[in-house]
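Trainee: fold the following and give me the result.
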Amino acid sequence: MIFFVCIGALLTALVLYTRQIYSRFSEAGVRHFRPIPLVGTAGKVVIRIQHLIDSANDVYTTFLEDKFVGQYLLLKPIIYVKDLALIKKITVKDFEYFLNHQGFVSEEVDPIFGRNLFSLRGKEWKDMRFTLSPVFTSSKMKHMLPFMAEVGDQMISSLTTRLHESGKTSMEIDAKDIAARYANDVIATCAFGLKVDSQSGRNNHFYRMGDKATNFGFKALLTVLGYGSVPRLMKMFKVALFPEDVRDFFKQLVLNTMNERKAHNIVRPDIIHLLMETKKGQQLTYAENSANDTDAGFDTVGKSTVGKRNVDTEVLRLWPPAIASERLCVKEYNLGKPYEKAPADYIVKVNDSIHIPIFSIHRDPRYFPNPLKFDPERFSDENKHKIQPFTYMPFGVGPRNCLGSRFALCEVKVMIYLLLQHMKLEPSKRTPIPLELAAGSFSLRMRGGHWLQLRARD
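Mentor: The predicted structure follows:
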């Protein structure tokens, strides 16, 4: 009898607790889908029949005219801000109210990855951001370009060999696998000074560790949702996003590389060298360096570069790496009414999360007509004036945008240039058309795989 009474009390407490959480949006008239206890509005994501992006896009399009809408990711209420003027206020004018990220890993559980730039907060993040900014300037990227080209040549050599050995004029490739191995080798050479050929040596140790660190499958998705919903519980059970052997590998790799260079006075213009040089000098603070920050001027939202690289710009519109930009409220903030006849203003409380649904905004027909069509001419000199500010933000927006965007763009351009210079890429029989996102993954993966047909150019 005592056992059943205790179970009944626990269930009653759980019902009351979830009812309190799931009433947040209703009280202010924030529109959302009906939540299911414990999983919120992410039920289809949890049972792996819908990608997280598609779930967010559903609520975005269902209440298209609202300034912001709500979603419950497990027990975490999330506000998706859609109004462009409100996005500008949050990310620029009132940035100090939304200074931090939620974070997806605990520093207590993982003291190395838990202190990445994304997870740092407050003044510590500001100082680190402006200390690292000079490492990723365009001039520094030029010094790393030969390393990226060398890796690209390895990729072309491996593909040419495989095509020749097949005895055919064409072969089917997994484009994601090729790109992942190229990116792995670029990181190895540009960050750690290592010569790695993952295209030919497919099981090398660096690639295996890198793959484990970036393979964000269903377990990683649940971990991220867990830290956003019940962080204390996740810390109590010491749930880590990255395996221990991965953490140890990269820690020792960095320390050994630095010690080797110090001992033998090795100078190589890569990221490790630039960070070592930064460490030698005096670390600048946010206040000292803010006037010289190369990422200032957010009103333009990257429009100064629009039109110079139409193809990759359009690719990043359709498939932005920053599928959403998340912010954590540090001071209570009034968002106003979600729509004109809403019963009350919505007050964002301290430690509440707001998301800017970049993926959905990039595919909103109000901003990009016929949004699913691949049309690089949207960003031509003749059309770029039509792009509204804060509708194109593939690497995030505001002071917490992606610091490594220049690096990422540079390596992608090198890879695509070399591929198209030497190979013809065509759809294969296994190419999924139209493309759909695979459920059960935190990262963007295509349902049916990333298959293409490859043939050598004459």
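Trainee: burial count for residue 325?
Mentor: Residues contacting residue 325 under the criterion other Cβ atoms under 10 Å number 25. In short, each C-beta sits where N, CA and C put it, glycine included.
Trainee: next one: the one 4 residues further on
Mentor: Around residue 329 sit 21 other residues, with neighbours defined as other Cβ under 10 Å.
Trainee: and for residue 49?
Mentor: So residue 49, with other Cβ under 10 Å, has 11 neighbours.
Trainee: where do the helices sit along the stretch 301-450 of the chain?
Mentor: 310-318, 358-362, 405-422 (DSSP state H, counting those that start in this stretch).
Trainee: list the contacts of the shortest one.
Mentor: Contact with helix 358-362 is made by 53, 56-57, 60-61, 80, 82, 317-318, 320, 322-325, 367-368, 371, 391-394, 396, as judged by Cβ atoms under 8 Å, 6 or more residues apart in numbering.
Trainee: go again using 10 Å as the cut-off
Mentor: With contact meaning Cβ atoms under 10 Å, 6 or more residues apart in numbering, helix 358-362 is reached by 52-54, 56-61, 64, 80-82, 84, 87, 316-325, 367-368, 371, 388, 390-397, 437, 444.
Trainee: which one's the longest helix in the chain?
Mentor: Identified as the longest helix of the chain according to DSSP state H is helix 138-166.
Trainee: check which residues of that helix are buried.
Mentor: Buried residues in helix 138-166, counting neighbours by 16 or more other Cβ atoms under 10 Å, are found at 140-141, 144, 147-148, 151-152, 154-156, 158-159, 163.
Trainee: stretch 242-250 too?
Mentor: By neighbour count with 16+ other Cβ under 10 Å, stretch 242-250 contains the buried residues 242, 246, 247, 249, 250.
Trainee: related to what we said a few turns ago, tell me which of the buried residues of helix 138-166 is nearest to residue 432?
Mentor: residue 159 (21.7 Å; Cβ to Cβ).
Trainee: relative to residue 204, how far out is that closest one?
Mentor: Distance, residue 159 to residue 204, using Cβ to Cβ, to the nearest Å: 18 Å.
Trainee: ditto for residue 147
Mentor: For residue 147, the distance to residue 204 - Cβ to Cβ - is 17 Å.
Trainee: now residue 61
Mentor: Applying Cβ to Cβ, the value for residue 61 to residue 204 is 44 Å.
Trainee: those two: who's more crowded?
Mentor: Shown here are residue 61 and residue 204; by other Cβ under 10 Å, residue 204 has more neighbours (18 against 13).
Trainee: pLDDT score for the closest residue to residue 409 other than its chain neighbours?
Mentor: Excluding its sequence neighbours, the residue lying closest to residue 409 (Cβ to Cβ, 6 or more residues apart in numbering) is residue 312, at 6.9 Å. We note a pLDDT of 86 for residue 312 in this prediction.
Trainee: for residue 312, grab the count of nearby residues.
Mentor: Residue 312 has 16 neighbours, counted by other Cβ under 10 Å.
Trainee: just to check, it is in contact with residue 416?
Mentor: Yes - taking contacts as Cβ atoms under 10 Å, residue 312 lies within contact range of residue 416: 7.5 Å.
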